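Asks: what follows is a predicted protein model with its sequence.
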Amino acid sequence: MTEPSSSTQPNDTVAPADVAPVDVAYEVAGSGPALYMVHGIGSRKTTWNRMVEALSDSFTCVAYDLRGHGQSPVPAVPYSLDQLVADLEALRSMLGHEQIHVIGHSLGGMIGPAYALAYPERTLSVGLLSTAAGRTADDSARVKGVVARMRDEGIESVLNTLVGRWYTEPFAAANPAIIENRIEQVLTTPPDVFLSVFDVYAETEMAPWLSQVDVPCLVLTGENDPGCNPRLNTFIDQELPNSELVILPELRHSIVVEAPDEVLAHLRPFLERVSAAPA
């Protein structure tokens, strides 16, 4: 994927039909500056429950289901990054928040900066959690190979591999209900939707345009995240004009679920600092 196209423009212009937004399912809690929370592939807005609980004392937390996920409409695939950005902007416009913080996990960590690129005047900050940019040819081949295997053998064929990449072994062993819920989320996402958003994640390369995302950014990932590793996140931090990088020791991909308090230890002060800065 190259730079998000001119089809998503700031200042509330109407998106063309090929990126027409859908009315996503959402939940709002708290008060204060608006904080929009964008989950990843095959996940749900409930991924952010602990974050909402912790941050709603200071922020208006808006968590939503991506198109095709959870309680949101399921338009025909394929989906594009532009469409996912358009859905976020439509939700912001509908709720009437003039400016928003955006935090996203995995694929959500690509939607957030793409939104900031398209709507810089609407964006207060972006949190890029467990995401990827600057992939080598081998990196790209590996992630695209996962998608190809799912298409050939079925999504269930790679679930054990995915779970092993998402969570540390001690956490998975101690929290079987959380693992079962995550597997259920994947299996209750329409297969064509799951594969389509996985395509977006696999084919998006933010490197050509990250340097244009000129809002405060927090880049945060797990030390042992196989696909969104510290090397790729160091690249993201170096490309962004205004960012800080945090690597959480020992963690893998699902930092929002496995270690929300560790994420919050960095996310809350970042958000409070940006919110307090003069406009």
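Replies: All right, it came through fine.
Asks: what strand or helix carries the nearest residue to residue 172 once chain neighbours are set aside?
Replies: Using C-beta to C-beta, 6 or more residues apart in numbering and skipping residues adjacent in sequence, the residue nearest residue 172 is residue 179, 5.4 Å away. All C-beta atoms are positioned from the backbone trio N, CA, C, and that covers glycine. Counting by DSSP states H and E, the element that carries residue 179 is helix 176-187.
Asks: mind listing the helices for the chain?
Replies: Applying DSSP state H to the chain gives helices spanning 49-55, 81-95, 108-118, 137-153, 159-166, 169-174, 176-187, 191-203, 230-239, 255-258, 260-276.
Asks: spatially central residue in this structure, please.
Replies: Most central residue of the chain, judged by C-alpha distance to the mean C-alpha position with C-alpha atoms, centre = their mean, is residue 108 at 1.3 Å.
Asks: quick one: low-confidence ranges for the stretch 151-279 of the chain?
Replies: 279 (pLDDT under 70).
Asks: residue 117 and residue 150, how far apart?
Replies: With the distance defined as C-beta to C-beta, to the nearest Å, residue 117 ends up 29 Å from residue 150.
Asks: higher neighbour count, those two?
Replies: residue 117 (22 against 19; other C-beta atoms under 10 Å).
Asks: is it true that the more buried one touches residue 212?
Replies: Yes. Using C-beta atoms under 8 Å, residue 117 and residue 212 qualify as a contacting pair, with a distance of 5.8 Å.
Asks: tell me how many other residues crowd residue 238.
Replies: Applying the criterion other C-beta under 10 Å, we find 13 residues in the vicinity of residue 238.
Asks: my bad, residue 241
Replies: 12.
Asks: likewise residue 66?
Replies: Residues within reach of residue 66, counting by other C-beta under 10 Å, total 29.
Asks: need the contact list for it.
Replies: Applying C-beta atoms under 8 Å, 6 or more residues apart in numbering, we find residue 66 in contact with 24, 38-39, 72, 84, 87, 107-108, 197.
Asks: most neighbours out of these, which is it?
Replies: Note: the member of these with the most neighbours is residue 38, at 31 neighbours, neighbours being other C-beta under 10 Å.
Asks: just to check, residue 221 is in contact with residue 247?
Replies: Yes. With contact defined as C-beta under 8 Å, residue 221 reaches residue 247; the gap is 6.3 Å.
Asks: common neighbours of the two, please.
Replies: Overlap between the contact sets of residue 221 and residue 247, as judged by C-beta under 8 Å, 6+ apart, is given by 230, 233.
Asks: name the residues of stretch 237-255 that are buried.
Replies: Burial within stretch 237-255, assessed by neighbour count using 16 or more other C-beta atoms under 10 Å, is assigned to 237, 239-240, 243, 245-248, 251-255.
Asks: in those residues, find the pair that's most separated.
Replies: For the buried residues of stretch 237-255, the farthest-apart pair by C-beta to C-beta is 239 and 254; their separation is 24.5 Å.
Asks: count of neighbours near residue 215?
Replies: Residue 215 sits with 22 neighbouring residues when counted by other C-beta under 10 Å.
Asks: meant to ask about residue 27
Replies: 16.
Asks: so it bridges to which residues?
Replies: residue 63 (DSSP bridges).
Asks: for it, give me the pLDDT.
Replies: At residue 27 the predicted local distance difference test score is 98.
Asks: residues in contact with it?
Replies: Each residue near residue 27 by C-beta under 8 Å, 6+ apart is listed here: 45, 52, 62-64.
Asks: residue 253 now?
Replies: Under the criterion of C-beta under 8 Å, 6+ apart, the contact list for residue 253 reads 106, 130, 165-167, 222, 225-228.
Asks: report the buried members of those.
Replies: When burial is judged by neighbour count using 16+ other C-beta under 10 Å, the buried members of the contacts of residue 253 are 106, 130, 165-167, 222, 225, 227-228.
Asks: export those residues to a markdown table and append columns for distance to residue 185.
Replies: Conversion of these to a markdown table gives the following (distance: C-beta to C-beta, whole Å):
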| residue | distance to residue 185 |
| --- | --- |
| 106 | 13 |
| 130 | 16 |
| 165 | 16 |
| 166 | 11 |
| 167 | 14 |
| 222 | 20 |
| 225 | 19 |
| 227 | 18 |
| 228 | 19 |
